[in-house]
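Enquirer: let's see this in three dimensions:
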Amino acid sequence: MSENLKTIKELADELGVSKQNLQYHVKFLPTKKRQKNESGIVVLNIEEQMFISGRIKKNKAKDINDETKKGQKNINDETKKRQKNNDVFAFNNHLLKEIIDLKEVNKQLLESQKQTQNLLDQQQRLALQDKKLLEEYKAEINDLKALKMPSQETEFKHLDNQYKDEVNALKEKLENLQEQIKDQKRIEEQEKPRKWWGLWRK
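Expert: The predicted structure is shown next:
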């Protein structure tokens with residue numbers, strides 16, 4: 001019978017727990033009266049040992065389960081954190097791409113504006129040149145008419161008609177040039193929406 005009796009320290013060493021831990025579980029034994037050996041040290045019988053051993057193993061299992069849950073929670077938290085970081089990274093990349101696209105759109109708009117301004121400047125220069133030539137021809141015609149030489153009336157009429165033809169040709173040339181510029185502007189206006197649409201669809 002005495003072989004089955006163990007001191008609190010012996011049972012604690014056997015179960016791999018501290019003496020204080022085992023003493024805590026001794027408080028929950030159904031019987032309050034404790035046996036003692038010849039040295040006056042409290043000893044536990046087999047039933048008491050099994051009771052305490054069961055409680056300790058149950059607590060260990062609970063601790064393991066708690067640690068497992070805690071570890072799983074940490075993993076889940078880390079996964080959520082990583083996913084959040086990935087989402088932020090993806091959003092930043094999306095914003096960066098939009099900024100690049102907007103810069104490209106702005107660049108093309110500036111280039112188109114520059115080309116349109118060049119065409120307008122060219123049109124103004126040509127209009128001034130044509131106006132100057134027209135005024136010169138008119139001045140020459142008026143000078144010739146002012147001479148009023150009867151002997152050369154036929155020649156003056158011929159020159160007058162020639163100048164008129166040249167003036168009309170210049171007018172026609174100016175009108176054609178203005179029409180070409182209008183056509184070019186219409187083509188550019190038609191291309192603008194497609195450029196914008198094409199860029200936003202990338």
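Enquirer: any idea how far Phe89 lies from Asn76?
Expert: From Phe89 across to Asn76, the span is 20 Å (CB to CB, to the nearest Å). (Glycine included, C-beta is placed from N, CA and C.)
Enquirer: in this structure, where is pLDDT below threshold?
Expert: Along the chain, segments meeting pLDDT under 70 span 1-3, 148-159, 192-202.
Enquirer: show me where it has strands.
Expert: With strands called from DSSP state E, the chain shows them at 6-7, 35-36, 42-44.
Enquirer: in TSV: those strands, plus distance to Ile52 and mean neighbour count.
Expert: Listed next are the strands of the chain as TSV, based on distance: least, CB to CB, whole Å; neighbours: other CB atoms under 10 Å:
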stretch	distance to Ile52	mean neighbour count
strand 6-7	10	18
strand 35-36	14	12
strand 42-44	7	18
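Enquirer: just put these in CSV and tack on distance to Asp101.
Expert: Shown next, in CSV, are these (distance: least, CB to CB, whole Å):
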stretch, distance to Asp101
strand 6-7, 80
strand 35-36, 87
strand 42-44, 80
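Enquirer: show me what stretch 10-30 is in contact with.
Expert: For stretch 10-30, the external contacting residues (CB atoms under 8 Å, 6 or more residues apart in numbering) are 6, 8-9, 34, 44, 48-49, 51-53, 55-56.
Enquirer: recalculate using a threshold of 6 Å.
Expert: Stretch 10-30 has contacts (CB atoms under 6 Å, 6 or more residues apart in numbering) with 8-9, 48-49, 52, 55-56.
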